[in-house]
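Colleague: dropping a prediction and its sequence here:
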Amino acid sequence: MKIINPYNIVEVKDTLIFLAGPITNAPDWQSDAMNFLSKSKKNIYVASPRRNLKEPDDLIKQVEWETYYLNKAAEKGVILFWLAKPSKLDSSRCYGQTTRYEIGEWIKSNKIFGTKIVLGIEKGFGNESYIEYRVKKETKIKINYDLKTTCKEALSLIG
């Protein structure tokens, strides 16, 4: 398994799994996902948008990096959404606001182009029942409720 972190751009030669989901005020679920995925014998790349805190925060670079690898995962792999419950709440920002936008965007891509999407929702993620309802009503995407199962499904989708 090869891990790609912001803001590195590398050529993806094998299948790519993009770890999409909350970062701000979220637990480091990306490390847990990479641990599960690393047990696979498959040659995969994993793009994790969680930055090293030593990196300066650069919104434009982050968005461009994420967009690049989300598109690569749509072409050559799977977008894995894990909607982790928050580790803390911040009244100045909607928890998972970017993820909520991205999930709608990529679910539409799934419906139109067949983009491979895996979705996991941890109990306690705000408004989970609405997301469950819409995903079940409008797609054939299976919803998982633990990270390990979500990772296993991503691996099964890449063959």
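Modeller: Sure thing, it's come through.
Colleague: would you map the strands across this protein?
Modeller: In order along the chain, the chain carries the following strands (DSSP state E): 2-4, 15-20, 44-47, 77-83, 117-121, 143-144.
Colleague: and K137, how many residues sit next to it?
Modeller: Neighbouring residues of K137 were enumerated by other Cβ atoms under 10 Å; the total is 7. No exception for glycine: its C-beta is placed from N, CA and C like everyone else's.
Colleague: distance of V63 relative to A20?
Modeller: 13 Å (Cβ to Cβ, to the nearest Å).
Colleague: so for those two, which sits in the more crowded spot?
Modeller: With neighbours defined as other Cβ under 10 Å, V63 and A20 compare such that A20 has more, 27 against 12.
Colleague: check contacts around that one.
Modeller: When contacts are counted by Cβ atoms under 8 Å, 6 or more residues apart in numbering, A20 is found next to P49, L70, I79, L80, F81, W82, T99, E102, I103, W106.
Colleague: hmm, try it at 10 Å
Modeller: With Cβ atoms under 10 Å, 6 or more residues apart in numbering as the criterion, the residues that contact A20 are 30, 47-49, 66, 69-70, 73, 79-83, 98-99, 102-103, 106, 117-119.
Colleague: so what's the nearest residue to G21 once chain neighbours are set aside bridging to?
Modeller: For G21, the nearest residue in space outside its immediate sequence neighbours is W82; the separation is 4.3 Å by Cβ to Cβ, 6 or more residues apart in numbering. According to DSSP bridges, the residues that bridge with W82 are G120.
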